[in-house]
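Asks: next one to model:
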Amino acid sequence: MSTKVLDSWALLAFFKGEPAGETVEDLLQKAAFDHVRLLLCVVNWGEVYYGMWRASGPDAARKVAEDISRLPVEVVEADMQLSRQAAIFKATNKMSYADAFAAALAKENKAELVTGDPEFKPLEKEIKINWLANESR
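Replies: A predicted model of the protein is given here:
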């Protein structure tokens with residue numbers, strides 16, 4: 001079974017009903033049938049939460065948190081090893097610290113990162129990236 005890491009960009013596209021969210025929905029269906037393992041760093045969970053809060057208010061953020069808890073996605077805590085790799089990515093690339101955690105989780109799990117965020121472009125030589133179409137961004 002392959003392992004994939006969802007970043008906040010991918011999940012926000014899914015929850016906001018953007019075109020790229022269709023691919024995320026397909027991955028969620030595959031994960032429900034144990035055809036793929038989906039991971040989400042807790043730091044990126046926080047990005048989704050505050051992103052929905054800012055876009056639609058606290059009730060929307062709470063609903064998204066409940067929805068994520070029911071999805072076939074494993075939320076992974078940020079331990080020392082993951083934080084170190086995220087710090088290395090942040091120190092050596094122009095990217096947000098939260099995005100560095102998604103990349104670190106992908107690297108640590110030898111997983112494919114699912115995103116449409118161009119900040120990850122410099123990491124294509126270090127991690128495999130499943131680029132989602134970002135017409136709506």
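Asks: how close does the residue nearest to Val36 when sequence neighbours are not counted get to Thr23?
Replies: In space, and not counting its chain neighbours, Val36 is closest to Lys30: 4.5 Å by Cβ to Cβ, 6 or more residues apart in numbering. In short, each C-beta sits where N, CA and C put it, glycine included. Distance, Lys30 to Thr23, by Cβ to Cβ, to the nearest Å: 11 Å.
Asks: likewise Arg37?
Replies: Using Cβ to Cβ, we find Arg37 at a distance of 16 Å from Thr23.
Asks: in the protein, where's the longest helix?
Replies: helix 42-56 (DSSP state H).
Asks: which residues sit against whichever helix or strand comes after that one?
Replies: Using DSSP states H and E, the helix or strand that follows helix 42-56 in sequence is helix 58-70. With Cβ atoms under 8 Å, 6 or more residues apart in numbering as the test, helix 58-70 has contacts from Leu11, Phe15, Leu40, Trp45, Val48, Tyr49, Tyr50, Met52, Trp53, Val75.
Asks: thank you, goodbye.
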